[in-house]
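Peer 1: Sequence first, then the predicted structure, then my questions.
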Amino acid sequence: MAGVSEGASGVPDPRLRAYVLGYEGYFLHGFAPGTHVGMPGSVLTVIITIDEPIEIPVSSQPGQAAGRWDMLASGLTTRPAVVAHNGFQHGVQLGLTPLGCRALFGVPTAALGSWIVDLAELLGPRAAELRERLSLVRSWPQRFAVIDEILLRQVSPVGWDAELMRAWTLLSGPDPAVRVGAVADEIGWSRRHLGNRFSAEFGITPKDAARVARFERSHRLLRDPAGPPLSEVAAVTGYYDQAHMAREWRELAGMPPSVWLEREEFPFVQDRQTADAGG
């Protein structure tokens, strides 16, 4: 039997859209057991399972042991994670902006780092309420409405100073030619001050933010079956050449893009949200 991927996308309540990029409901079944690579990205990941817990044998944080989670959140990282599956996955994934981490969890993205964190540690009793209520309704629109309701009760609007917001926008954005020094000059900070402030808020350096954004651009193009060849992907996404892209992929995804294209069979919602984020 061929694997079946079913689900739906949802747009958060307008009052949440600065904090949550979208909801992705997924129901994947009929696949052979295997693993999936969880890629680094500029979006924080929140997963609420509906049936079986999600199993992560290899975290993006080297010091974290393998584990199973009913609900989880993870910060920004430059390392891949490995998600194991038995051919079945059912749940909802949220893509959070770093500002959403502040507004919903009350902490900077750097507080999560590259760790996988139980959502109950961040949302308290509302996390259990969220998972229970998602399991009681059957349609994706109903589930997304439940998430809206609970997050609107949780959210505490926050903001960054204009310089930090501009730095994040530029370094995580679509420009393949962005340079850290130029960003520091534009916002009027020294490169050292930018590095200190940026890392304290986001948990990654400005240079790594630009690396991850470039990686996301290449990942998005490579996921398109009708996309350009590897050499062209490297050129248009900001790499010096194909060899440079392959080296970066080995660090960020654990394998070069040619190997990932051969191995990746199990669809996963993180890929869609990364693409939708425009990285």
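Peer 2: Perfect, I can see it now.

Peer 1: so residue 9 bridges to which residues?
Peer 2: residue 24 (DSSP bridges).

Peer 1: Go ahead and confirm residue 245 touches residue 257.
Peer 2: Yes - Residue 245 is within contact range of residue 257, at 6.7 Å (criterion: CB atoms under 8 Å). For every residue, glycine as well, the C-beta is placed using N, CA and C.

Peer 1: Mind listing the shared neighbours of those two?
Peer 2: 218, 230, 233 (CB atoms under 8 Å, 6 or more residues apart in numbering).

Peer 1: From those, pick the one nearest residue 25.
Peer 2: Nearest to residue 25 among these: residue 218, at 26.9 Å, using CB to CB.

Peer 1: got the buried residues for stretch 12-28?
Peer 2: By neighbour count on 16 or more other CB atoms under 10 Å, the buried set for stretch 12-28 is 12, 16, 18-28.

Peer 1: of all those, which two lie farthest apart?
Peer 2: Greatest spacing in the buried residues of stretch 12-28, by CB to CB: 18 and 28 (29.8 Å).

Peer 1: can you tell me which residue is nearest the centre of this structure?
Peer 2: residue 43 (3.8 Å; CA atoms, centre = their mean).

Peer 1: Just give the nearest non-adjacent residue to that residue, would you?
Peer 2: Leaving aside its sequence neighbours, residue 43 sits nearest to residue 95 (CB to CB, 6 or more residues apart in numbering; 4.2 Å).

Peer 1: wait, the one you found sits on residue 45?
Peer 2: Yes - with contact defined as CB under 8 Å, residue 95 counts as touching residue 45 (7.0 Å).

Peer 1: can you give me the helices in this protein?
Peer 2: With DSSP state H applied, the chain shows helices at 98-100, 109-112, 120-123, 125-136, 140-154, 162-171, 180-187, 191-202, 206-222, 230-236, 242-252, 257-263, 269-276, listed in chain order.

Peer 1: May I see the buried residues of the fifth one?
Peer 2: The reference is to helix 140-154. Buried residues in helix 140-154 (16+ other CB under 10 Å): 140, 143-144, 146-148, 150-151, 154.

Peer 1: between those residues, which is nearest residue 106?
Peer 2: Using CB to CB, residue 154 comes nearest to residue 106 of these, at 9.2 Å.
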